[in-house]
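>>> I'd like to go over a predicted model; first the sequence, then the structure.
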Amino acid sequence: MTPLLTVATPPVHLAVLQQFRVIYGTMRQYFREVEDRCGLPGSQMWILQEVHRCPGLGVTDLAARLGIHQSTCSQLVEKLVVRRCLIKTRKQEDQRRVGLQLAPDGLKAIAALPGSAEGVLPEALAAMPEVALQTLYINLFELIRHLPGRDDAFASIPLADMLTDPK
């Protein structure tokens with residue numbers, strides 16, 4: 001009689017590590033697809049998507065919508081202006097303020113998006129029940145608290161910029 005082969009369940013810490021690998025790999029794969037289809041990194045596509053949703057949006061409000069630092073947002077916007085995907089316009093009510101509009105190349109990029117520019121993780125988080133999100137928040141807070149060399153500055157950098165290969 002042949003003994004049954006059993007697959008051992010990994011210890012919980014390794015199972016959780018595997019879950020992070022699935023999340024990371026899925027996000028990375030999605031942002032590669034976004035860049036292949038649109039010709040722009042996911043973080044820049046998210047900016048175009050927000051300007052498409054709200055033409056005339058300013059950089060301060062845009063940074064708040066993306067949950068990133070205003071200076072990071074300004075740098076990304078400048079790259080899109082140089083690539084002729086965004087146009088800066090002075091606001092009628094206050095000539096000191098600049099609003100953003102999509103340029104034709106920005107509209108083409110938006111049309112090529114395979115899904116949400118934010119990526120698959122924010123979409124999945126938005127679909128979760130509130131109680132599950134609160135539990136996840138508490139548990140991730142505890143995990144982060146134990147990370148050696150943690151850098152909270154990463155919280156204001158778009159995921160797409162962290163997951164793509166530097167060029």
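Thanks, I have it.
>>> Any idea how far the helix ranked longest in the chain is from the middle of the chain?
Scanning the chain for the longest helix, with DSSP state H as the assignment, gives helix 12-38. Helix 12-38 sits 12 Å away from the centroid of its parent chain (CA atoms, centre = their mean, to the nearest Å).
>>> Which strands or helices does it pack on?
Helices and strands touching helix 12-38, by 3 or more CB pairs under 8 Å, 6 or more residues apart in numbering; DSSP states H and E, are helix 42-53, helix 120-127, helix 159-163. Just so you know, the C-beta spots here come from the backbone N, C-alpha and C atoms, and that holds for glycine as well.
>>> what about those helices, which gets the closest to residue 13?
helix 120-127 (21.6 Å; CB to CB).
>>> Need the mean per-residue confidence for that closest one.
For helix 120-127, mean pLDDT rounds to 92.
>>> Then stretch 104-113?
Stretch 104-113 comes out at a mean pLDDT of 96.
>>> what do you get for stretch 19-27?
On average, stretch 19-27 scores 92.
>>> Identify all contacting residues around it.
119, 120, 121, 159, 163 (CB atoms under 8 Å, 6 or more residues apart in numbering).
>>> and if we set it to 10 Å?
By CB atoms under 10 Å, 6 or more residues apart in numbering, the surrounding residues in contact with stretch 19-27 are 42, 119, 120, 121, 122, 124, 143, 159, 160, 162, 163.
>>> isn't the last one right up against residue 154?
No. In this structure, residue 163 is not within contact of residue 154 by CB atoms under 10 Å, at 11.9 Å.
>>> Pick out whichever of the two has more residues nearby.
residue 163 (20 against 9; other CB atoms under 10 Å).
>>> What distance do you get for the more buried one to residue 40?
In this structure, residue 163 and residue 40 are 14 Å apart, going by CB to CB, to the nearest Å.
>>> swap in residue 113?
Distance from residue 113 to residue 40, by CB to CB: 10 Å.
>>> Identify the contacts common to the two.
Joint contacts of residue 113 and residue 40 (CB under 10 Å, 6+ apart) are 34, 46, 48.
>>> wait, which of those residues is closest to residue 69?
Among these, and counting by CB to CB, the member closest to residue 69 is residue 46, at 14.5 Å.
>>> Apart from its neighbours in sequence, what residue is nearest the closest one?
residue 117 (4.2 Å; CB to CB, 6 or more residues apart in numbering).
>>> for residue 77, same thing?
Nearest to residue 77 is residue 59, by CB to CB, 6+ apart, at 5.9 Å.
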